[in-house]
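Novice: Here's my sequence, what's the structure:
(2 chains)
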Number of protein chains: 2
Amino acid sequence: MLRCFFCFLFLCDFVRATDALPSWNDSASKKAIIAFVRKVTAEGTADYVPVPERIAVFDNDGALWPENPVPFQLAYALDVLKQRTSTDSKLAADPMVQAANSGDFAKLLEGAHHDGLMQIIALTHAGMTTDEFKASVEGWLKTAKHPRFEKGYDQLTYQPMQEVLSYLRANGFKTYIVSGGGADFMRVWSERVYGIPPEQVVGSSSRTKFELRENGPALVKTLEHLFVDDKEGKPVGIHQFIGRRPIACFGNSDGDKAMLEYTTVNNPRPSFGLIVHHTDAQREYAYDKAPKSSGKLIEALSDAPVRGWSVVDMEKDWNLVWAK
Amino acid sequence: MLRCFFCFLFLCDFVRATDALPSWNDSASKKAIIAFVRKVTAEGTADYVPVPERIAVFDNDGALWPENPVPFQLAYALDVLKQRTSTDSKLAADPMVQAANSGDFAKLLEGAHHDGLMQIIALTHAGMTTDEFKASVEGWLKTAKHPRFEKGYDQLTYQPMQEVLSYLRANGFKTYIVSGGGADFMRVWSERVYGIPPEQVVGSSSRTKFELRENGPALVKTLEHLFVDDKEGKPVGIHQFIGRRPIACFGNSDGDKAMLEYTTVNNPRPSFGLIVHHTDAQREYAYDKAPKSSGKLIEALSDAPVRGWSVVDMEKDWNLVWAK
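Specialist: This is a model prediction of the structure:
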């Protein structure tokens, strides 16, 4: 009997050791992820996908880390702006800067091209060299804390999604971020935080300008040819940067609908789509229809059953939220 | 004595077997490539470069394959245009089309933005889906022959440069194409021809438009937000697509000067720059100062000694030109 008990313990250990997704409860979404990976890696079958074609794309804000109370890059921009306005009265008098500093994001988003937000980004990002911008983001990450969780922003990633990233990579997938966030912002920390190198980060961007200065080459950030890597922009960004269709796509909002479609609709290869549904007010946030800042999830959620996309119920499907 | 002779033969075989660059004569450029790779891969030294940072960038036209009598993508566009004008009299009456069909490239390059060339590209590329464009390029490669060498264009790559690509990859480098050619054009065959996957091809591009059609998603080529990946555009493209500075750069014209500078000037890592100088009229072409179509090499060649860039004398340094 005692022997049986030890056998049981050993079996538990074994199951745990071979479970690539231990922070996932035994949910339909977990089963779907594993079934898909087993299918495309089964050699000698019609569903087998050669390694170079195993491209998986992940949204970032709301899919790999939170996007509340505001997307973290906006938190960065607001912090930088506050710092600057404290010593620059002319800047402080700018109506858009005042809107930003008082949290009036509705005003920033007015107009066809979110003119206010663009102005804020221009004030905080453009004109810097890419090296200066990188140093600024690194400095911010060292000191800024999330208002609710009181941790550095880069310490707030989802453990279950980190496990999916590792699991896919262990099975020959190349994992990409495809996010509305700025590519230059994410590339500062993506390799350290997610194991995703800069060249596998697709994001919003504008064109830089090359200058050969006395102390070496510099790339100056501008606002020209702005590319917003969101909604229909996501498949456009995927084609531009990766040049082939992904076979797996992970998102959480209507902003990811187009890339979910690009990945899964009539793909000659087997394909997989997944939506993280934020249902966990206690441990994280519960929202979909009318969030304060972003992450609206209405159309993609209603399309999910038709398209065969898995929907993660964060509260029920994840036994752990935060990566350590 | 006989034994010594066999030993000698064995030694020759051994040297050949361990020579990663057998198509290179024992030139200064060959020695420089090998010395650089040994330096950055020597663990425990100050010059050691971690694998993720071993990024090498290669121009394509004139560096990996020829660019004469015209860049091969222009040969493709002209062939497509000829085919279309044979059945479309309105198109045949267009002055720019007539210039293209009669080989008057000077007329195509007139104006600040090479208006004629842009019109030719618009007529042959824009409006197609990326899948249609891919099929068109694949079809062309199967039938078109280079006018002088009478081979398919994709069978005209330089064996010595193919060896450099393999040698670098065997030493942990990620090899990228960074070319003025169109990304969509090169990605059709880059993996098959150079072992460089689509996601490691940086080229000229314009924005596509996403459409979810009845038979699935489509990306339609447009001419909006044209990005010309040449001259100062090359470091801009490298930053946008790769997000870190390369440590090795291989080019052949003034169009590569900026990326050579970006790679080698004040790079905190050891770095390497190389220029292929076309000096071989008999086996390939000899040109630099005033080529018909592209490939002007004046400034970069004069900067080479100051910058420490290696210059390949194609006639003297390569014992073989064409890859089999």
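
Novice: drop to CA atoms for contacts and neighbour counts, all remaining ones
Specialist: OK.

Novice: my guess is A:D313 contacts A:H278, does it?
Specialist: Yes. If you go by Cα atoms under 8 Å, A:D313 and A:H278 touch, sitting 6.9 Å apart.

Novice: Can you pick out the residue with more neighbours from the two?
Specialist: A:H278 (22 against 17; other Cα atoms under 10 Å in any protein chain shown).

Novice: Return the backbone torsion pair for the residue of the stretch 201-324 of chain A found nearest chain B.
Specialist: Closest residue of the stretch 201-324 of chain A to chain B, Cα to the nearest Cα: A:I242 (4.2 Å). Note on A:I242: backbone dihedrals following degrees, to the nearest 10 are phi -100, psi -40.

Novice: do the one 10 residues further on as well
Specialist: The main-chain torsion angles of A:N252 are listed as degrees, to the nearest 10 and equal phi -150, psi 0.

Novice: Which of the three states applies to A:F210?
Specialist: Following DSSP: H, G, I helix; E, B strand; the rest coil, we place A:F210 in the strand state.

Novice: which parts of the stretch 1-150 of chain A sit against chain B?
Specialist: Within the stretch 1-150 of chain A, the positions adjacent to chain B are A:P52 by Cα under 8 Å from any Cα of the partner chain.

Novice: Quick check: which ranges of the stretch 1-150 of chain A have low pLDDT?
Specialist: Applying pLDDT under 70 to the stretch 1-150 of chain A picks out residues A:1-17, A:112-113.

Novice: mind listing the helices for it?
Specialist: Ranges of helices in the stretch 1-150 of chain A, per DSSP state H, counting those that start in this stretch, are A:2-18, A:28-40, A:72-85, A:89-92, A:95-101, A:105-108, A:115-124, A:130-143.

Novice: Quick check: which helices or strands does the fourth one pack against?
Specialist: Contacts defined by 3 or more Cα pairs under 8 Å, 6 or more residues apart in numbering or on different chains; DSSP states H and E place helix A:89-92 against helix A:72-85.

Novice: Which positions within the helix it packs on qualify as buried?
Specialist: A:72-78, A:80-82, A:85 (16 or more other Cα atoms under 10 Å in any protein chain shown).

Novice: from those residues, which is closest to chain B?
Specialist: With Cα to the nearest Cα as the yardstick, the closest approach to chain B among the buried residues of helix A:72-85 comes from A:Q73, at 18.0 Å.

Novice: give the contact list for the closest one.
Specialist: Residues near A:Q73 by Cα atoms under 8 Å, 6 or more residues apart in numbering or on different chains: A:181-182, A:185.

Novice: taking those one by one, which sit in strands?
Specialist: Here DSSP state E is the test, and the contacts of A:Q73 give A:181-182 as lying in strands.

Novice: got the residues of the stretch 151-300 of chain A near chain B?
Specialist: A:184, A:187, A:197-200, A:205, A:207-210, A:212, A:215-217, A:219, A:225, A:232-233, A:235-236, A:240-244, A:261-262, A:265-267.

Novice: now those: which count as buried?
Specialist: The neighbour count (16+ other Cα under 10 Å) marks A:184, A:187, A:197-200, A:205, A:207-210, A:217, A:219, A:232-233, A:235-236, A:240-244, A:261-262, A:265, A:267 as buried among these.

Novice: which of the contacts of A:Q73 has the most neighbours?
Specialist: A:G181 (23 neighbours).

Novice: I'd say it and A:S190 touch.
Specialist: No. Using Cα under 8 Å, A:G181 makes no contact with A:S190, being 12.0 Å away.

Novice: what about the residue nearest to A:W24 when sequence neighbours are not counted, how many neighbours?
Specialist: Once flanking residues are discounted, A:W24 sits nearest to A:W318: 4.7 Å by Cα to Cα, 6 or more residues apart in numbering or on different chains. Using other Cα under 10 Å, A:W318 has 23 other residues around it.

Novice: same deal with A:S102?
Specialist: Neighbours of A:S102 under the rule other Cα under 10 Å: 10.

Novice: From chain B, how far out is it?
Specialist: A:S102 sits 33 Å away from chain B, going by Cα to the nearest Cα, to the nearest Å.

Novice: How about A:G139?
Specialist: 19 Å.

Novice: How about the contacts made by that residue?
Specialist: Counted by Cα under 8 Å, 6+ apart, A:G139 has zero contacts.

Novice: so where do the helices sit in the stretch 201-324 of chain A?
Specialist: Using DSSP H, counting those that start in this stretch, helices in the stretch 201-324 of chain A cover A:233-241, A:257-264, A:299-307, A:314-317.

Novice: CA atoms only for stretch A:58-65, dumped as PDB, please.
Specialist: Extracted C-alpha coordinates of stretch A:58-65, given in PDB (Å, rounded to 0.1, in the frame of the first residue of the first chain):
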ATOM      1  CA  PHE A  58       1.300  37.100 -30.100                       C
ATOM      2  CA  ASP A  59      -0.300  40.400 -29.400                       C
ATOM      3  CA  ASN A  60       1.400  42.000 -26.400                       C
ATOM      4  CA  ASP A  61      -0.900  44.400 -24.500                       C
ATOM      5  CA  GLY A  62      -3.600  42.200 -22.900                       C
ATOM      6  CA  ALA A  63      -2.200  39.000 -24.300                       C
ATOM      7  CA  LEU A  64       1.200  38.700 -22.700                       C
ATOM      8  CA  TRP A  65       1.000  41.500 -20.100                       C
END
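
Novice: and that stretch, how far from the chain's centre?
Specialist: 3 Å (Cα atoms, centre = their mean, to the nearest Å).

Novice: contact partners of that stretch?
Specialist: Stretch A:58-65 is touched from outside by A:67, A:71-72, A:156-158, A:161-162, A:175-181, A:249-253, A:256, A:276, A:295, with contacts defined as Cα under 8 Å, 6+ apart.

Novice: ok, back up a step: figure out which of the helices of the stretch 1-150 of chain A is closest to B:A170.
Specialist: Between B:A170 and the helices of the stretch 1-150 of chain A, the shortest gap by Cα to Cα is with helix A:28-40, which sits at 27.6 Å.

Novice: same for that closest one, what does it pack against?
Specialist: Applying 3+ Cα pairs under 8 Å, 6+ apart, one finds that helix A:28-40 contacts strand A:272-277, strand A:310-313.

Novice: surely A:L117 meets A:D104?
Specialist: No. A:L117 is not in contact with A:D104 according to Cα under 8 Å; the separation is 10.9 Å.

Novice: More neighbours: which of these two?
Specialist: Counting neighbours by other Cα under 10 Å for A:L117 and for A:D104 shows that A:L117 has the greater number, 22 against 13.

Novice: Tally up the residues packed near the spatially closest residue to that one that is not a sequence neighbour, please.
Specialist: With Cα to Cα, 6+ apart as the criterion, A:L117 has its nearest non-adjacent residue at 4.9 Å, and that residue is A:L108. Neighbours of A:L108 under the rule other Cα under 10 Å: 21.

Novice: doesn't A:G116 make contact with A:L108?
Specialist: Yes. Contact between A:L108 and A:G116 holds when scored by Cα under 8 Å: they sit 4.2 Å apart.

Novice: Overlap of the contact sets of those two?
Specialist: Between them, A:L108 and A:G116 share the contacting residues A:M96, judged by Cα under 8 Å, 6+ apart.

Novice: check contacts around the closest residue to chain B within the stretch 1-150 of chain A.
Specialist: Closest residue of the stretch 1-150 of chain A to chain B, Cα to the nearest Cα: A:P52 (7.9 Å). A:P52 makes contact with A:173, B:197, according to Cα under 8 Å, 6+ apart.

Novice: If we use 7 Å, what do you get?
Specialist: Counting by Cα atoms under 7 Å, 6 or more residues apart in numbering or on different chains, A:P52 makes contact with nothing.

Novice: Same question for A:I196.
Specialist: Per Cα under 7 Å, 6+ apart, neighbours of A:I196: A:175-176, A:190.
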